[in-house]
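Participant: Pasted the sequence and its predicted model underneath.
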Amino acid sequence: MEKMFSIMNSKGFLQNYKIKFLKNLNKREKKLLEISNLKKEKNIFTQEEILEKLKLKDFQEIEKFLLDFSKKVIIIEEKKNNLKVQLSILKSYIFLENKIYIFYGEEIRNSFLENNIFNKIGLDKLLIFKEKYAYEFYEFLLREKNKKNEIEISIEKIREILDAKNLYTRFFDLEKKLLIPIVKELKTMGELKFSYEKIKCGNHRGGKILGIKLNFLEFFQENKKNINFKIEREFKSLYEVHGVVSNIINKYNEKYLYNHLLQLKFLLKIYTLKDGEKMVLNDKKYIIEINYKKNKPSKIEVFLKEK
């Protein structure tokens, strides 16, 4: 056991492990996890609660449901060290009078403890994510954010992560049906903070989508101490937003920043902003954030990084 945990805590393992359900959970199984306190070893329910919450008909269906659920396992693998771990989600359950006692495994409980290895690999997230493939996307981002604060993901890579190579030929449908719900759930969890924008071929609205770009906000939150400029008001058009950002640059007379912005086509990308979208430039000297809301107050902030 000591050797196993030594391997699992190594940098090589954390970069190469795979974790998955041997067989995916169904809606009822996910619902039971949702209504349980997974930080506790023992959860107590009345039969009536289980029948109502899980939409089961009678006691026999409860028995069958728990028996089937007890067979579901999680597999953790790391091929370099030839390591394979199999975890049961449901440790045991007891029927006593009108009560049902449900016991979860120690690894499940430990996954909610900060710095525990099962927490580091996101076992807790695997159990509580609702969107299909949310964990796969989370796992990918978790690895990438340890390497750099900005990543670009091609449409082909997105399809690979979401197992959607033969689904949704249009990016619009792929984004609406799979990507956006997953991104929303990840942001709701609050652990990964990132901005999201589409990468286009050209800067016009109808440009072909090539992929997405994510900026991990925690990497530069510490630099957002010295705010140099902030404006929050309603803008009549994106042209007006563009003008305000240009004026901010001129006000501070930073030729370096202005040239760098043009090089990154940041100013031109303003014209592609949609309602609710955020644009972030994490420059060597500045951080610029634009939070755009159509027909509502938008916010533009410029932060000077400490030397």
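Facilitator: On my side now, so go ahead. From a predicted model like this one, the values you see are computed outputs, not experimental measurements.

Participant: so is Leu141 in a helix, a strand, or just coil?
Facilitator: helix (DSSP: H, G, I helix; E, B strand; the rest coil).

Participant: Can you check the pLDDT for it?
Facilitator: What the model reports as pLDDT for Leu141 is 85.

Participant: And the strands in this structure?
Facilitator: Ranges of strands in the chain, per DSSP state E, are 18-21, 42-46, 73-78, 83-88, 90-96, 99-104, 150-154, 194-201, 208-216, 227-234, 278-282, 286-291, 297-304.

Participant: Looking at these, which is nearest to Glu2?
Facilitator: Glu2 lies closest, by C-beta to C-beta, to one member of the strands of the chain: strand 83-88, at 13.4 Å. For glycine as for every other residue, the C-beta is placed from the backbone atoms N, C-alpha and C.

Participant: other SSEs contacting the closest one?
Facilitator: helix 2-8, strand 73-78 (3 or more C-beta pairs under 8 Å, 6 or more residues apart in numbering; DSSP states H and E).

Participant: need these in TSV with mean neighbour count and mean pLDDT, can you?
Facilitator: Formatted as TSV, the helices and strands packed on strand 83-88 follow (neighbours: other C-beta atoms under 10 Å; pLDDT from 0 to 100):
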stretch	mean neighbour count	mean pLDDT
helix 2-8	12	75
strand 73-78	18	89
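
Participant: what about the longest helix seen in the chain, average pLDDT?
Facilitator: Ranked by number of residues, the top helix in the chain under DSSP state H is helix 238-252. Averaged across helix 238-252, the pLDDT comes to 78.

Participant: and it with strand 227-234, angle?
Facilitator: Counting by axes from the mean of the first three to the mean of the last three C-alpha atoms, to 10 degrees, helix 238-252 points 160 degrees away from the direction of strand 227-234.

Participant: picking that back up, same list (the helices and strands packed on strand 83-88) but as CSV, adding distance to Lys20.
Facilitator: Converted to CSV, the helices and strands packed on strand 83-88 look like this (distance: least, C-beta to C-beta, whole Å):
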stretch, distance to Lys20
helix 2-8, 16
strand 73-78, 6
